[in-house]
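Peer 1: this one's structure only:
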């Protein structure tokens, strides 16, 4: 078989990843005709779908088998070689470059290779097993790539499509968790010590009757007692480890509980299989016939192992029912989690009612605590956007909504728990929920108190951030001071969402104190500004600018009431001015008398109309007794001014009619005689 461009391209990729020359890889492939057949089959139409190149220690074939010799390397020498395999028959012990194709309807050429095949790299030298190596590639390469991928086509165009995409990625993540679990369980097997006595071959002993003559040999019995004693020590060690208090992280979730019992089940089942093995049964039969004292301890440990295995199996069976209800806690946002809470708590209620081993108060409380832990962890992930953005970098209003969603999750969680507890108490014969609610909800409650403080802090920041855009003269100093306060809280080195960091509580109180001082200073500045305003209208314009800042506790409504009283005095002044000058008002030069009087009275009307239009928009301010009194006074004066204008306007209109008739009279002096 000849090498094509496609062959050489794949060889080049393999050489780059395992650190060999391309020619060396090619020589190793040509060592075996089977290598080339498998290689070519992968490239041919209707060929194999996968191809693996192992680089690991292997026996060097003879010159008759491979057609070449390597200087200094004899036949049968173990050396690092490249093996071409389909993955069956050859165990991976070193590194592997694998190639996959999904479409076998065409031949693979150098032109279509990049679109038809993909490849990856596994290194057993850096992993504890093939499952660990495979999981590492999927978790570090494929999962991030899928999360970052944006061209999902129709799946991005509808809510159902986006839900399908999310479900696919969540299932992929669950598969990675399963691989980690499988890898952990594969390492849980404990091997009982082998028989090293040369006085007896246990494999040759088939039945109990064969054990009778052997049990009469004290040397053999002594060896068997030593072996059984070693087994007892191994089993005692396993039991002691399983009974030890588990050291768990503060954020351990409920699926970790399932994983713990699944590992225990795998460990005890593996041990029971060895206890039931032919070799172990023969040793125990020999000791039984010899009436050895070791048997008493052995039977006790055998019973304990069986009980522990049954307990682990039963616990796994019931905890598996929680898995589908717990998955939303790992993959959904707090709002979506609320829908799964009734089912989750009812499943826990079922475990508490009918499980044989798991229904103790300690274990059920621990399970609820793990559920709480995962909710808090999920809330933190939701707030930080999967760790992609810091709290201070997010838009404030959407961030506040996120925090409120988390608080809502806590309230619903506690409410559903209490409703379930009440249902149980109303059901005769059902085991009550006698759990420590302080332990179950304490962490989440503390976290929500932290969120409430953050919401308060963000509301302050949202309100005072308008200072930077304020154009009121003198406000720039307050904007600068707010920037210093805000910058100080942003620079704190701890995680603000970590409810265990009590430093935040002191910093939050200090923040509130500084903000209250800033509010007082702004209030005093506003009071000084109003003392300089000569009219109610100008005061209202200035107050409107302060009101747009949306800064709480500026007593804006109180200012409206004060300006309203100032406006009442201006109404009195306008009335006095009208009374004094109504017969001979000051008018602009070169303006006819009637027009001048109308202009004068309109100016007076505008002085009271403009403020009143602003006051009319303040419904709270206008409901007071003072406001009703001032409105009546305003109406009387406005009516008086309007009547004055109408009176002179009608008089002017009548004078125009008289003048028009006079102008229409014929002038006889100009008629020719």
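Peer 2: Nice, I can see it. All values reported here derive from a predicted model rather than from experimental measurement.

Peer 1: surely residue 651 and residue 593 touch.
Peer 2: No - at 10.4 Å, residue 651 does not count as touching residue 593 under the criterion of Cβ atoms under 8 Å. The way it works is simple: take the backbone N, C-alpha and C, and place the C-beta from them, glycine included.

Peer 1: in terms of pLDDT, where does residue 666 sit?
Peer 2: Looking at residue 666, its pLDDT reads 54.

Peer 1: can you check residue 306 too?
Peer 2: Among the per-residue scores, residue 306 holds a pLDDT of 91.

Peer 1: so what's it up against?
Peer 2: residue 272 (Cβ atoms under 8 Å, 6 or more residues apart in numbering).

Peer 1: and the gap between it and residue 657?
Peer 2: To residue 657, residue 306 is 123 Å away according to Cβ to Cβ, to the nearest Å.

Peer 1: and for residue 194?
Peer 2: For residue 194, the distance to residue 657 - Cβ to Cβ - is 134 Å.

Peer 1: equivalent analysis for residue 603, please.
Peer 2: The value you get for residue 603 to residue 657, if Cβ to Cβ is used, is 28 Å.

Peer 1: any weak-confidence spans in the stretch 551-673 of the chain?
Peer 2: Under the criterion pLDDT under 70, the flagged ranges of the stretch 551-673 of the chain are 665-673.

Peer 1: so where do the helices sit in it?
Peer 2: Per DSSP state H, counting those that start in this stretch, the stretch 551-673 of the chain carries helices over the ranges 556-581, 593-616, 625-664.

Peer 1: deepest-packed of these, please.
Peer 2: Comparing these by mean neighbour count (mean count of other Cβ atoms under 10 Å), helix 593-616 ranks first with a mean of 17.

Peer 1: contacts for that helix next, please.
Peer 2: Taking Cβ under 8 Å, 6+ apart as the rule, helix 593-616 contacts 535-537, 540, 544, 560, 563-564, 567, 570-571, 574, 577-578, 581, 585-588, 591, 621-622, 627, 634, 637-638, 641-642, 644-645, 648-649, 651-652, 655.

Peer 1: on that earlier part again, any chance of a markdown table for the helices of the stretch 551-673 of the chain, columns distance to residue 231?
Peer 2: Compiled in a markdown table, these are given as follows (distance: least, Cβ to Cβ, whole Å):
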| stretch | distance to residue 231 |
| --- | --- |
| helix 556-581 | 84 |
| helix 593-616 | 94 |
| helix 625-664 | 95 |
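
Peer 1: which one of these lies closest to residue 270?
Peer 2: helix 556-581 (74.9 Å; Cβ to Cβ).

Peer 1: other SSEs contacting the closest one?
Peer 2: For helix 556-581, the elements it packs on are helix 503-531, helix 536-547, helix 593-616, helix 625-664, judged by 3 or more Cβ pairs under 8 Å, 6 or more residues apart in numbering; DSSP states H and E.

Peer 1: in the second one, what counts as buried?
Peer 2: Judged by neighbour count using 16 or more other Cβ atoms under 10 Å, the buried positions of helix 536-547 are 536, 537, 539, 540, 542, 543, 546, 547.

Peer 1: so which of the helices and strands packed on helix 556-581 gets nearest residue 490?
Peer 2: helix 503-531 (10.7 Å).

Peer 1: next, residue 110: secondary structure please.
Peer 2: The three-state assignment at residue 110 reads coil, by DSSP: H, G, I helix; E, B strand; the rest coil.

Peer 1: roughly how far apart are the residue lying closest to it once chain neighbours are set aside and residue 24?
Peer 2: Leaving aside its chain neighbours, residue 110 sits nearest to residue 5 (4.0 Å; criterion: Cβ to Cβ, 6 or more residues apart in numbering). To residue 24, residue 5 is 19 Å away according to Cβ to Cβ.

Peer 1: quick one: the strands in the stretch 51-200 of the chain?
Peer 2: 78-85, 95-101, 117-123 (DSSP state E, counting those that start in this stretch).

Peer 1: circling back to that earlier point, which among the helices and strands packed on helix 556-581 is found nearest to residue 408?
Peer 2: Among the helices and strands packed on helix 556-581, helix 503-531 sits nearest to residue 408 (Cβ to Cβ), with 21.9 Å.

Peer 1: which strands and helices sit next to the closest one?
Peer 2: Short answer (3+ Cβ pairs under 8 Å, 6+ apart): helix 503-531 packs on helix 437-464, helix 476-490, helix 536-547, helix 556-581.

Peer 1: next, the angle from it to helix 476-490.
Peer 2: 170 degrees (axes from the mean of the first three to the mean of the last three Cα atoms, to 10 degrees).

Peer 1: could I get the buried residue list for helix 503-531?
Peer 2: Quick answer for helix 503-531 (16+ other Cβ under 10 Å): 504, 507-508, 511, 514-515, 518-519, 522-523, 525-526, 529-530.

Peer 1: contacts for the helix or strand hosting residue 13 next, please.
Peer 2: Assigned by DSSP states H and E, residue 13 belongs to helix 5-18. For helix 5-18, the surrounding residues in contact (Cβ under 8 Å, 6+ apart) are 3, 21-22, 24-26, 29, 39-40, 43, 51, 53, 55, 82, 95, 97, 99, 108-110, 113, 119, 121.

Peer 1: just the buried residues of that helix, please?
Peer 2: By 16+ other Cβ under 10 Å, the buried positions in helix 5-18 come out as 6, 7, 9, 10, 11, 13, 14, 15, 17, 18.

Peer 1: the third one and residue 15: what is the separation?
Peer 2: Note on residue 9: its distance to residue 15, by Cβ to Cβ, is 11 Å.

Peer 1: could you do the first one as well?
Peer 2: The spacing between residue 6 and residue 15, counted by Cβ to Cβ, is 15 Å.

Peer 1: sorry, back to before: redo the buried residues of helix 536-547 as a markdown table? Include pLDDT.
Peer 2: Converted to a markdown table, the buried residues of helix 536-547 look like this (pLDDT from 0 to 100):
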| residue | pLDDT |
| --- | --- |
| 536 | 82 |
| 537 | 83 |
| 539 | 80 |
| 540 | 81 |
| 542 | 78 |
| 543 | 76 |
| 546 | 79 |
| 547 | 75 |
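
Peer 1: circling back: save the helices and strands packed on helix 503-531 as TSV, and put in distance to residue 257 too.
Peer 2: Converted to TSV, those look like this (distance: least, Cβ to Cβ, whole Å):
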stretch	distance to residue 257
helix 437-464	14
helix 476-490	38
helix 536-547	56
helix 556-581	55
